[in-house]
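>>> coordinates only, no sequence provided:
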Ligand code: GDP
Ligand code: ZN
């Protein structure tokens, strides 16, 4: 593609006994041939073969390392250019000196992500796949690795491409009607818009639901246990964790710090945070804890608001009930082993019965109900536990939300007497935002931002 030839160390720098120098570009084979001594002339070997030999500095005949050299001629290579990979054996010093030698004989040091960027620019992979390569390099868990690998293979792209095709065909049809207004098929058009946009919208929504459930499986549900001091937050955390991590005490306000515990609730990881008791307080240390716990409430995916069955509702609790009613909040009425003073009807004004669970953290009764309520709240079952084809990349999720918005706008407009060329803009916008996932028409700045996240040699 008229590019220069680049080189970098492609393996992680460290203890490993084999390291690879990757060279890519029109002059890759020629460059390596200048420093490679073997029975074969590298310029004449067939593509996709491995040669044994030595890296030798042609200026002083210094032998740097014993190597295996792999030749992959474009376009059947990772970058679609000629690629040569030198597998060195002599540790970090050797691989660096081999790289330096290659750089002195016609290659330039690659920027981070430049190999993958070339693969993308040469049409070998789309942007979603390129980003998956980043996620692959970074993935910390097995599951995250598998999700990224699937996407690098193009699983997401395979779903997006037909959706875009459907939209472009719709656009073409609408376009025909704009060009020939005398050809009066307006009702047909709005019907088509509705059908096609709804069908694509449904697929977008499925991807979003799956992505959300996938995130939960991957990262866990961040759960804040909130409530007044002494309501039984720490006891609930303990009952759930069946371990004694948080300190249970009789003195109100003693859980000053947030204690975290990860539990597995029928396969769903729950990251439980025991927050400091929320109440007005003058104690400075306790205040810091209270401020922190408000932060934890804001960040939580799920809030368990613990109320004390043994006491009447407190004003602090009334405030919390109002504040949290539009969030994913479950009300846990604790201490049902004690006589009741709480008037539950007041809670039921803002919370449906399915959102209220009764239990005794002390005796461990009612915990299963809580577990059921949580999984009912978060799981439609869209992601099965072996399923790894969900969207996990934040940029892709944002673009799916954008696509959803444009499609909803188009559908709404099709019911009103909105001029068809305006509806066309919404459809085009949804086609474009889906395209951005694949890297279509991605501006340079977006590309730079994405590829700069790579490490060197990728
Ligand atoms: P926190 O301040 O909200 O974390 O409350 P704790 O978990 O520290 O509990 C405060 C007190 O209530 C402790 O003495 C617990 O033993 C007691 N407690 C917690 N849950 C129950 C329960 O279900 N029944 C009874 N009877 N006591 C409980
Ligand atoms: Zn506590």
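Nice, thanks for sending it over. Nothing here was measured: the structure is a model prediction, and the numbers come from that model. Ligands and ions are numbered 1, 2, ... in the order given.

>>> how many neighbours does residue 230 have?
22 (other C-beta atoms under 10 Å). Quick note: C-beta positions are derived from backbone N, CA and C, even for glycine.

>>> secondary structure element for it?
Take DSSP states H and E as the rule and residue 230 turns out to sit in neither a helix nor a strand.

>>> is it in contact with residue 308, as I believe?
Yes: counting by C-beta atoms under 8 Å, residue 230 does reach residue 308; the two are 6.9 Å apart.

>>> gap between the most far-flung residue of the chain relative to its centre and ligand 1?
Relative to the mean C-alpha coordinate of the chain, counting by C-alpha atoms, centre = their mean, the farthest residue is residue 60 (51.0 Å). Residue 60 sits 74 Å away from ligand 1, going by C-beta to the nearest ligand atom, to the nearest Å.

>>> do residue 297 as well
Counting by C-beta to the nearest ligand atom, the gap from residue 297 to ligand 1 is 15 Å.

>>> ok, that residue - contacts?
Contacts for residue 297 (C-beta atoms under 8 Å, 6 or more residues apart in numbering) come out as 224, 226, 275, 303, 324.

>>> could you do residue 3 as well?
Residue 3 touches 25, 26, 81, 118, counting by C-beta under 8 Å, 6+ apart.

>>> out of those, what pair is the most spread apart?
Greatest spatial distance in the contacts of residue 3: 26 and 118, 11.6 Å, computed using C-beta to C-beta.

>>> secondary structure element holding the residue lying closest to residue 190 once chain neighbours are set aside?
Closest residue in space to residue 190, ignoring its immediate chain neighbours: residue 414 at 4.5 Å, by C-beta to C-beta, 6 or more residues apart in numbering. Secondary structure from DSSP H and E places residue 414 in helix 394-415.

>>> let's test this: mean pLDDT of stretch 101-113, rounded?
The predicted model gives stretch 101-113 an average pLDDT of 88.

>>> flag every buried residue along it.
Residues of stretch 101-113 classed as buried by neighbour count (16 or more other C-beta atoms under 10 Å): 101, 102, 103, 105, 106, 107, 110, 112, 113.

>>> can I get these in CSV including distance to residue 175 and secondary structure?
Formatted as CSV, the buried residues of stretch 101-113 follow (distance: C-beta to C-beta, whole Å; DSSP: H, G, I helix; E, B strand; the rest coil):
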residue, distance to residue 175, secondary structure
101, 58, helix
102, 52, helix
103, 52, helix
105, 54, coil
106, 50, coil
107, 48, coil
110, 43, coil
112, 42, coil
113, 38, coil
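
>>> Serialize these to JSON lines and add fields for distance to ligand 1.
Formatted as JSON lines, the buried residues of stretch 101-113 follow (distance: C-beta to the nearest ligand atom, whole Å):
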{"residue": "101", "distance to ligand 1": "65"}
{"residue": "102", "distance to ligand 1": "63"}
{"residue": "103", "distance to ligand 1": "62"}
{"residue": "105", "distance to ligand 1": "68"}
{"residue": "106", "distance to ligand 1": "68"}
{"residue": "107", "distance to ligand 1": "63"}
{"residue": "110", "distance to ligand 1": "55"}
{"residue": "112", "distance to ligand 1": "48"}
{"residue": "113", "distance to ligand 1": "48"}
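
>>> contacting ligand 2 as well, which ones from those?
For ligand 2, no contacts are drawn from the buried residues of stretch 101-113 by C-beta under 5 Å from the ion.
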